[in-house]
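*Asks:* below: sequence and its predicted model.
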Amino acid sequence: MTSITKLPINQLNGVGPKKLAKLQALQIHTVADILNLKPNRYENRSQLTHIADAPIGKLISVKGIVKSIRVIKGRNWKKRLEITIEDTTSSIKGVWFNQPYLKEQFKRGQTIIFSGKISNYKGLQISSPDFEIIDTEADNMPNRYASTGRVVAIYPLCQGLNQNFLRKLADQALTKFSTSIKTILTQDIHTPSSINNRLTAIENLHFPKTIDEAENARLYLAFEEFFLFQIAILTQKQKNKKQNSNAFICNQKIDARIKRLFTFSFTDAQNRVIEEIKQDMLKPKPMIRLVQGDVGSGKTAVAIYTMLVAVANKSQACIMAPTEILAKQHEQTIKTLLKHSSVKTVLIVGSLTTKEKTKALQQIASGEANIIIGTHALVQEKVTFDNLGLAVIDEQHKFGVLQRNTLVTKGKHTKLLLMSATPIPRSMALTIYGDLDISIIDQLPPGRKNIITKQIPKQSRHKAYQFIRTKLQEGQQAYCVYPLVEESEKLDLKSATEMANLFATEIFPEFTIALLHGKLDGATKNRIMQSFNDGKIQILVSTVVIEVGVNVPNANIMLIEEAQRFGLAQIHQLRGRIGRGSQEAHCLLMAGETSQSTRKRLAVLTSTNDGFKISEADLQIRGPGEFMGTKQHGIPTFNYGDVLSDFTLMSDARLQAQILLSADAELINYKKIKIASQKYQDLIIGA
């Protein structure tokens, strides 16, 4: 029998060419994919609310028959779609703005469920409700894909698919292929769930009798993937210890020669981390070390020291940065440091001309280039190193695991140093990056000024602008950061594009304004940043593209609009762009809402500049699931579990994986676990 992981989804009844294309858009390609499709949420439709009893301001679900369908033209030619349904007690409207095309999905006489928050504006209504058109024929049959009378899974959708179709597919897959769903976790592995087999977990994920039963199923499946991930990274760490690598020499003579190049003394924290790195480099074993350090703590200096150790051992070293801006800054820093040295540096980025790129590639391949600085261009096939001994990856969370590992394999025994300015509490980092050794630079260099951070009420906007004007008149420069590039009708936020125009024409017409965002091409970004760096631009209006790698010492003012939309760690990263010169720096936080929880959260930033304290506080205030976006920070993502909100579950999985491996390191008695864990190799940095 073909494995369900390879069995195409169109082997199920009802999946024709059109449906197949829609399912593939949801990344559902196989029977296993539909079984593993995690619902976004669940609704308890065993107790639907009568419309007349619907409480204002509460999230509820109501069921009724469509009585009217209207598209109403409003101001500025905007259209409003109103669908009125009624049950035996009353009626309610579903209202959608600027989505008149939804009208085609509704017909009078249909039975529909609306889900959302009830408001009372000229009668009961729900704005942009989730809706489901009920298959009344299906609901009159005793099956588990009925839309009402039970707890119902709500799946992610795309246009052309509906909830009932996905439920039928899940039911069909379970009915036909239940014997193919094998339990991986053995009875001696203690899960946090009362469920003890995978089939029951999958059944309860899709068709639970209660909300608690659904969460119990998710816990089982989340623990399973966390456990297999931990088996994979712990096994990989053991493999790394058994592998051979080059042993570098770093005696007092080499150490003194390198440190003489720096115009400053290293902090105690930098020296401690350098010693930890040197101990790795001296061993004939692979080095896979993550250096965490707050913004401005001196990670780059540590990286340069490490690269020079490799060069002193007649090896090449490279540093890969996520943007050309940052790569070019690294190049300038390293060149300045080495201006009286014979060490040869080369830059490899996408914007090089063909002639420049050809020359750089030749110098790298021949070994003429000692230190190579670049972006993701370094992992391209054309880049061949003569003897790559050390790879440094800056802002490592900006790269995929495959990119990181591809760079390392360009050398025979390349040691790997990862750097991150995103502070993660040490206990969490050890669990998430369990195959890495971790060093922390927990001290700022002397003379680094604290950034004065203040919350500014929206009604005091004019005072903030006047403060910025005063600083600009003194010759300083400013950043103004926004969460969106263009105006969104769905989110009432100030956009960078809109505000750049407003600043230039009305608010700061006497100054030069520029707009920087991720949609611009690399050459334009570089040109704008160079002009800002040269002082030709006084205000840089930007999205979070400046979060990493921008270093303009004269820019000491930052205004962050809609600050409540950013995570604290992200704001801390953003404000790290200022305070890099000799002048006092100010960060102004303008929040679009002034709830007590928002003020409390942002107050953390006004009270400390310590990134590790900020991350700890954000964990306490918002919980681990929200204190930073996993996708933005390179933390592995899973189908059923979240490594932050389910951190306790991950920790438990790690402990049990350690216990199992201590008893059976080769997993001789756990072949299913060994095979299943191998698919997590692509999440592991050192694999």
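*Replies:* Here it is on my side, so go on. Fair warning: this is a prediction, and the values are worked out from it, not measured in the lab.
*Asks:* contacting residues for residue 64?
*Replies:* Contacts for residue 64 were tallied using C-beta atoms under 8 Å, 6 or more residues apart in numbering; they are 51, 85-87, 91-92, 111-112, 114. For glycine as for every other residue, the C-beta is placed from the backbone atoms N, C-alpha and C.
*Asks:* and for residue 283, the neighbour number?
*Replies:* Neighbouring residues of residue 283 were enumerated by other C-beta atoms under 10 Å; the total is 16.
*Asks:* ok, and the closest non-adjacent residue to it?
*Replies:* For residue 283, the nearest residue in space outside its immediate sequence neighbours is residue 247; the separation is 6.1 Å by C-beta to C-beta, 6 or more residues apart in numbering.
*Asks:* please tell me the pLDDT value assigned to that neighbour.
*Replies:* Taken from the predicted model, the pLDDT recorded for residue 247 is 90.
*Asks:* what's the local residue count around it?
*Replies:* Using other C-beta under 10 Å, the number of residues around residue 247 comes to 12.
*Asks:* which residues are contacting the helix or strand containing residue 661?
*Replies:* Residue 661 is part of helix 647-663 when elements are defined by DSSP states H and E. Identification of contacts with helix 647-663 by C-beta under 8 Å, 6+ apart yields 189-190, 192, 219, 222-223, 226-227, 229-231, 234-235, 238, 428, 431-432, 434, 624, 641, 643, 667, 670, 673.
*Asks:* of the contacts of residue 64, buried ones?
*Replies:* When neighbours are counted using 16 or more other C-beta atoms under 10 Å, the contacts of residue 64 contain these buried positions: 51, 85, 87, 91-92, 111-112, 114.
*Asks:* closest to residue 33 among these?
*Replies:* Proximity to residue 33 was ranked across those by C-beta to C-beta; first place goes to residue 112, at 28.5 Å.
*Asks:* could you pull out the strands for the stretch 251-400 of the chain?
*Replies:* Counting by DSSP state E, counting those that start in this stretch, the segments of the stretch 251-400 of the chain that form strands are 288-293, 316-320, 345-348, 371-374, 388-393.
*Asks:* number of nearby residues for residue 37?
*Replies:* Residue 37 sits with 22 neighbouring residues when counted by other C-beta under 10 Å.
*Asks:* mind checking the SS state of it?
*Replies:* Counting by DSSP: H, G, I helix; E, B strand; the rest coil, the backbone at residue 37 sits in coil.
*Asks:* tell me if I'm right that it and residue 174 touch.
*Replies:* No - contact status for residue 37 versus residue 174: not in contact, 12.0 Å apart, counting by C-beta atoms under 8 Å.
*Asks:* doesn't residue 553 make contact with residue 535?
*Replies:* No - assessed by C-beta under 8 Å, residue 535 is found out of contact with residue 553, at 10.6 Å.
*Asks:* I'd like the distance between the residue lying farthest from the centre of the chain and residue 49.
*Replies:* Within the chain, residue 88 marks the point farthest from the mean C-alpha position, 46.9 Å out by C-alpha atoms, centre = their mean. In this structure, residue 88 and residue 49 are separated by 13 Å, where distance is defined by C-beta to C-beta, to the nearest Å.
*Asks:* what of residue 28?
*Replies:* Distance, residue 28 to residue 49, by C-beta to C-beta: 32 Å.
*Asks:* quick revisit: show me how to select, in ChimeraX, the buried members of the contacts of helix 647-663.
*Replies:* The following ChimeraX line selects those of these that are buried, judged by 16+ other C-beta under 10 Å:
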select :189,219,222,223,226,227,229,230,231,234,235,428,431,432,434,624,641,643,667,670,673
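*Asks:* so of the contacts of helix 647-663, which ones are in strands?
*Replies:* Helix and strand membership here follows DSSP state E; of these, not one is in strands.
*Asks:* from the contacts of helix 647-663, which land in helices?
*Replies:* When DSSP state H defines the helices, the subset of these inside them is 219, 222-223, 226-227, 229-231, 234-235, 238, 428, 431-432, 673.
*Asks:* how many neighbours does the residue nearest to residue 363 when sequence neighbours are not counted have?
*Replies:* Counting by C-beta to C-beta, 6+ apart, residue 369 is the residue found nearest to residue 363 once chain neighbours are left out, at 4.2 Å. The number of residues packed near residue 369 is 24, by other C-beta under 10 Å.
*Asks:* shift numbering so it begins at 697
*Replies:* Done: numbering now begins at 697, and the last item shifts to residue 1065.
*Asks:* residue 1065 and residue 1041 touch, don't they?
*Replies:* Yes - using C-beta under 8 Å, residue 1065 makes contact with residue 1041 at a distance of 7.0 Å.
*Asks:* so what's residue 994 up against?
*Replies:* For residue 994, the contacting residues are 962-963, 965-966, 1137, 1140-1141, by C-beta under 8 Å, 6+ apart.
*Asks:* from those, pick the one nearest residue 1298.
*Replies:* Comparing every one of the contacts of residue 994 with residue 1298 (C-beta to C-beta), the shortest separation belongs to residue 1140, at 22.1 Å.
*Asks:* let me see the ranges of the strands in the stretch 1197-1346 of the chain.
*Replies:* Taking DSSP E, counting those that start in this stretch, the strands of the stretch 1197-1346 of the chain run over residues 1209-1212, 1235-1238, 1251-1257, 1281-1286.
*Asks:* who does the first one touch, helix- and strand-wise?
*Replies:* I take that to be strand 1209-1212. Taking 3 or more C-beta pairs under 8 Å, 6 or more residues apart in numbering; DSSP states H and E as contact, the helices and strands that strand 1209-1212 lies on are helix 1192-1198, helix 1218-1229, strand 1235-1238.
*Asks:* in it, what's buried?
*Replies:* Using 16+ other C-beta under 10 Å as the burial criterion, the residues of strand 1209-1212 that qualify are 1209-1212.
*Asks:* dump those residues to CSV, plus distance to residue 1379 and pLDDT.
*Replies:* Shown next, in CSV, are the buried residues of strand 1209-1212 (distance: C-beta to C-beta, whole Å; pLDDT from 0 to 100):
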residue, distance to residue 1379, pLDDT
1209, 43, 94
1210, 39, 91
1211, 37, 89
1212, 32, 86
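*Asks:* I am finished for the moment; much appreciated.
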